[in-house]
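Chemist: model this:
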Amino acid sequence: MRKLIVSINVTLDGFMAGPAGELDWHFPHWNEEMANFAYEQLCMMDSILLGRVTYQAMASYWPYEANNTAHGLKEGNYASMMNNYAKIVFSRTLRTVEWRNARLVKKDIGKEVLALKQQPGHNMIVFGSGSIVSKLTQLDLVDEYVLWVHPITLGRGVPLFQNIRHMPALQLLRTKAFSSGVVILYYGKAPRTVNRPAQRKHALVRPIR
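Modeler: Prediction:
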């Protein structure tokens, strides 16, 4: 079965964007080492899941990067993957999606993702898209969280997880540190434990003397 991977930049205090959706806070720490790792990560996928806001931002950028001659081979290949991979966009307000190989899904995100997991192919990845990350987390459909933790705090902004009633139990799988100070924390689902009936405790009655 295919896995669903959430890969997202986050601050030390748990925000994925500034109050107005700003992302400029993670640019100072981004370096070639991280770019190479992001490239390797995308190479292991074949589908991208997006919410409306992230879709609109990426669809206005990546199609034009495919012909950017200023980039090297690896950057060009990354743009090619972004443009050619299947993209599933979850939105109730968008009417159409025009980015190459993009498909719009307006309802029942859980049913759609379960069906995608059953299909053959490589793993799927979610970039940004806090609204659908929260929904998928609530539905316990995320197999792995790849959190790029940046050494910065915002104080306020868009939190990574919102309105989640039941957060699935997670376990730390591994970590990866970059020279820029950014650390990736890999979290996966914690093993399910079997609830055993509590043993009865018998009170010891001391004899009265």
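Chemist: please make it C-alpha for all contacts and neighbour counts, starting now.
Modeler: Fine.
Chemist: where does pLDDT dip in the chain?
Modeler: 193-209 (pLDDT under 70).
Chemist: and the helices in it, which stretches?
Modeler: Using DSSP state H, the helices of the chain run over 32-43, 52-59, 62-65, 73-84, 109-118, 130-138.
Chemist: most packed of those helices?
Modeler: helix 130-138 (a mean of 20; mean count of other C-alpha atoms under 10 Å).
Chemist: gap between it and the chain center?
Modeler: Centroid separation for helix 130-138 versus its chain: 9 Å, with C-alpha atoms, centre = their mean, to the nearest Å.
Chemist: which residues touch it?
Modeler: The list of residues contacting helix 130-138 from outside it, by C-alpha atoms under 8 Å, 6 or more residues apart in numbering, reads 6, 16, 50-51, 90, 109-110, 126, 142, 159-168.
Chemist: L185 is nearest to which of the helices of the chain?
Modeler: helix 32-43 (13.7 Å; C-alpha to C-alpha).
Chemist: and that closest one, C-alpha only, in CSV?
Modeler: Output of helix 32-43 as CSV, limited to C-alpha atoms (Å, rounded to 0.1, in the frame of the first residue of the first chain):
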residue,chain,number,x,y,z
GLU,A,32,22.1,23.7,-1.2
GLU,A,33,22.4,20.8,1.3
MET,A,34,18.6,21.1,2.0
ALA,A,35,17.8,21.6,-1.6
ASN,A,36,19.6,18.3,-2.5
PHE,A,37,17.7,16.5,0.2
ALA,A,38,14.3,17.9,-1.0
TYR,A,39,15.2,16.7,-4.5
GLU,A,40,15.9,13.2,-3.2
GLN,A,41,12.7,13.2,-1.2
LEU,A,42,10.6,14.1,-4.3
CYS,A,43,12.3,11.5,-6.4
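Chemist: and that helix, what does it pack onto?
Modeler: helix 73-84 (3 or more C-alpha pairs under 8 Å, 6 or more residues apart in numbering; DSSP states H and E).
Chemist: gap between the helix it packs on and the chain center?
Modeler: For helix 73-84 - counting by C-alpha atoms, centre = their mean - the centre lies 20 Å from the chain centre.
Chemist: which strands or helices does it pack on?
Modeler: By 3+ C-alpha pairs under 8 Å, 6+ apart, helix 73-84 packs against helix 32-43, helix 62-65.
Chemist: show residues contacting that helix.
Modeler: Counting by C-alpha under 8 Å, 6+ apart, residues outside helix 73-84 touching it are 39, 42-43, 62-63, 65-68, 99-101.
Chemist: the same query, at a cut-off of 10 Å, please.
Modeler: 35-36, 38-40, 42-43, 45-48, 58-59, 61-71, 99-102 (C-alpha atoms under 10 Å, 6 or more residues apart in numbering).
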